[in-house]
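Just a sequence and a predicted model for now, questions to come.
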Amino acid sequence: MNRHRVRFAHFWASLLVPAYLSTGGVAVWAQSLPPDAATRFNRVFISREDPMRGEKLLEILKSTNSVGDLNQIMLLAEWQRPAVESEKLMATNEEVRKVLLEKLKKSYKEILRGNDEHLQRAVAKQIGDSAGFGIIGEISTTDRMLPRAKIIRRTLADLQEDLAGPAKKTGVSQRSCLLALAKIESEPKSFGKMVEDLIDPKNSTPVMSRRHAAEALKVRSQVVNVLMVAAASSQDEKLVEVKREFLNVATVLIPIAAKALSDQDLKVRDQSIEAIQAFADIFMDIDFLIPVREAESLTREAADLVQERIVILQEEIKQLEPVILAIQKSCPSLARHAVKKEADLHGRLECLDIIEDCVVIRRKLWAVEYGISDALKRKRPESLKVDPLPPSPETNEVARLVLSGLSDPEPAVRKSSAQAYEFVGGQPDWRFSGITTISRETAALTAQVAANDPDQFVRWVAVRSLGHIAAHPEICIPALVERLKADDLDVRVAAAVALRSFGSQGELAVPALMNLIHGGDADFRIAIMTTTETIGKAAKPLLPTMAKNLLHGNPKVRIQCALTLGRFGADAAATLPDLRQSLRDPDPEVRLAVSSAILQIEGK
């Protein structure tokens, strides 16, 4: 029975094969190759010793005008292996590929300029599949994707104007044409203008068209993302070209995606957020895009090379300026969307993640500026030349919006807000600048969240965030001291670690630490003892009590106790009797730590 159904399906399929002919009598969708034509092409292609190989391949191409079959040939896996070819074979391959692409483009153009929307949709899908092969949905092939992507995407870019016609019109071919434009190397400004016009609410575009445009926006950003990561990981010689495309595309599309966050349709908003996230991820995934390591190594460079290296670093940062400014302008829109309680939760969290990415980008930029200043032995700058976060008063708005997320009814939003808000007090130029009023509000609310939030994980994040602010000790330190008494070990350890950010200002916590420094779990005791080192001399009253940890059952606690007492030097003299008792400790590593501590305290 199944056999009959298959035969019946094949019969109807044979009747439904398109047979459209151009006015010149040249078939563009008919005259299919024999069933084994693609296989024959592949067999000839891999016959690298055949002296007639090129002529045979061209003859096979000449024998068909079927768009489907030509497209199948172009997607053969053997095209993806140019590195193993000799120069002569590579030249032959390029000649054959050029003939193949020209035949395809000619056929594609005829169909796209016609009136059959169903054919246009099919052709546009083939164009998109060809340009996106190995990029979208084929991440495992990225190691071999770049060589063909550079050729195919650039060649198919000649079809931009032909695809743009149906892409602008509401119809069955619109989505396929938009996605094809997103995957080929279409000119960024033209592509962006078309997508922006479709999404713009002033144009009363139907919701499905807006969704298609937003999807194209997302796909274009993902294509650029994958190409950049692949080029960086393989150190491809065309990385400069791929980077240039990233810079041009991101500069144009990020503002369009940010504008689309106000769209009434959920899918339009979500796809737009994903587009911005894909661009921001490039800064996260590719370390050398912002040359932090190179800047930090300048002090180790030969003196005569430093200035030359600095010029190169500054030029690299300058190239990024348009994209960073585009991200900067999108921040207020992202923050507003993040706190919309009626918006989709996933989209809100993505917006907060992007803002957090901006913090990371900003810190990298600061690291470069500091590396250059230190190499030149100059005073460190007080502001960034280009900032991914907006200047005041927009910064104040963004900060207050993120701050409001700490009281959101959704635990996930509160957690993400606590993680994202650290830019308010955790940035080197803002900690004690004109934004301190907002920082104080943030510290107060975060302290409240750390103490009272019903979600344990949110409390843990809020405690860590208090350490990131490292300002307003009169607010943060009492809150952290209270968290040192929490039931959850992770929260207690996080509070101890956060106190270290306040340095000597942690003196405010000394009275409370007196009752905590020799109690609780091993990890907590180790964290507390390490924290006393950052407090400094003000922690001296704690040392005799701390010495009780030399009798703890865990050798790691005993070792840390000895190390900490030794670092206090002469201030820990009162603990020498306890340390000398521990010279008989059964653990050799403990005895070594104790003997070193005694020598440090005695100044020997």
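In hand now; what should we look at?

contacts and neighbour counts: CA atoms only from here.
OK.

Surely Ala131 is within a helix?
Yes. Assignment of Ala131 by DSSP: H, G, I helix; E, B strand; the rest coil places it within a helix.

For Leu179, see how far away it is.
10 Å (Cα to Cα, to the nearest Å).

Next, show the common contact partners of these two.
Common neighbours of Ala131 and Leu179 are not found (criterion: Cα atoms under 8 Å, 6 or more residues apart in numbering).

gap between Val402 and Asp304?
Using Cα to Cα, which is the criterion applied here, Val402 is 46 Å from Asp304.

Looking at the two, which one has more neighbours?
Neighbour count, other Cα atoms under 10 Å: between Val402 and Asp304, Val402 has more, with 29 against 8.

quick one, what contacts the more buried one?
Contacts of Val402 (Cα under 8 Å, 6+ apart): 335, 338-339, 352, 417, 420-421.

next one: phi and psi at it?
phi -60, psi -40 (degrees, to the nearest 10).

Let the chain start at 21 from now.
All set: I'll call the first residue 21, so the last point we hit is now Val422.

shaky segments in the protein?
The model of the chain has pLDDT under 70 over residues 21-56, 97-105, 154-168, 254-258, 412-413, 441-459.

show me the residues around the spatially most central residue of it that make contact.
In the chain, the centroid-proximal residue (Cα atoms, centre = their mean) is Asp301; its distance is 1.6 Å. Counting by Cα under 8 Å, 6+ apart, Asp301 touches 245, 377.

Which parts of the stretch 221-370 of the chain are helices?
Using DSSP state H, counting those that start in this stretch, the helices found in the stretch 221-370 of the chain span residues 227-254, 259-279, 286-305, 312-316, 323-358, 365-396.

for the stretch 371-520 of the chain, same thing?
414-424, 431-440, 443-446, 456-472, 476-489, 493-503, 509-519.

how far does the last one sit from the chain's center?
Here helix 509-519 shows a centroid-to-chain-centroid distance of 28 Å under the convention Cα atoms, centre = their mean, to the nearest Å.

re earlier: output the helices of the stretch 221-370 of the chain in a markdown table, with distance to Asp607 appended to each entry.
Below are the helices of the stretch 221-370 of the chain laid out as a markdown table (distance: least, Cα to Cα, whole Å):
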| stretch | distance to Asp607 |
| --- | --- |
| helix 227-254 | 47 |
| helix 259-279 | 55 |
| helix 286-305 | 44 |
| helix 312-316 | 40 |
| helix 323-358 | 49 |
| helix 365-396 | 43 |
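
Out of those helices, which gets nearest to Leu583?
helix 312-316 (30.2 Å; Cα to Cα).

name the helices or strands packed onto that closest one?
helix 323-358, helix 365-396 (3 or more Cα pairs under 8 Å, 6 or more residues apart in numbering; DSSP states H and E).

Buried ones in the longest one, by neighbour count?
Buried residues in helix 323-358, defined by neighbour count with 16 or more other Cα atoms under 10 Å: 326-327, 329-330, 333, 337, 340-358.

In a markdown table, list the helices and strands packed on helix 312-316 along with distance to Leu81.
Output for the helices and strands packed on helix 312-316, formatted as a markdown table (distance: least, Cα to Cα, whole Å):
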| stretch | distance to Leu81 |
| --- | --- |
| helix 323-358 | 43 |
| helix 365-396 | 48 |
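
Within the helices and strands, which one has Asn85?
Counting by DSSP states H and E, no helix or strand carries Asn85.

how far away is it from Leu183?
From Asn85 over to Leu183 (counting by Cα to Cα), the distance is 20 Å.

Give me the more crowded residue out of those two.
For the pair Asn85 and Leu183, the greater number of neighbours falls to Leu183 (28 against 20), based on other Cα under 10 Å.

so that one touches Arg141, yeah?
No. Look at Leu183 against Arg141 with Cα atoms under 8 Å: they stay out of range, at 10.0 Å.

check contacts around Leu81.
90, 120.

buried stuff in stretch 174-188?
In stretch 174-188, the ones that count as buried by 16+ other Cα under 10 Å are 175-184, 186-188.

Ok, stretch 280-298 next?
280-283, 287-298.

Pick the one among those residues closest to His572.
Closest to His572, out of all of the buried residues of stretch 280-298 and judged by Cα to Cα, is Gln297, at 48.9 Å.

Isn't that closest one up against Ile374?
Yes. If you go by Cα under 8 Å, Gln297 and Ile374 touch, sitting 6.1 Å apart.

how about Val249, what does it touch?
Applying Cα under 8 Å, 6+ apart, the residues near Val249 are 302, 305-306.

From Ile296, how far off is it?
Taken as Cα to Cα, the span from Val249 to Ile296 is 16 Å.
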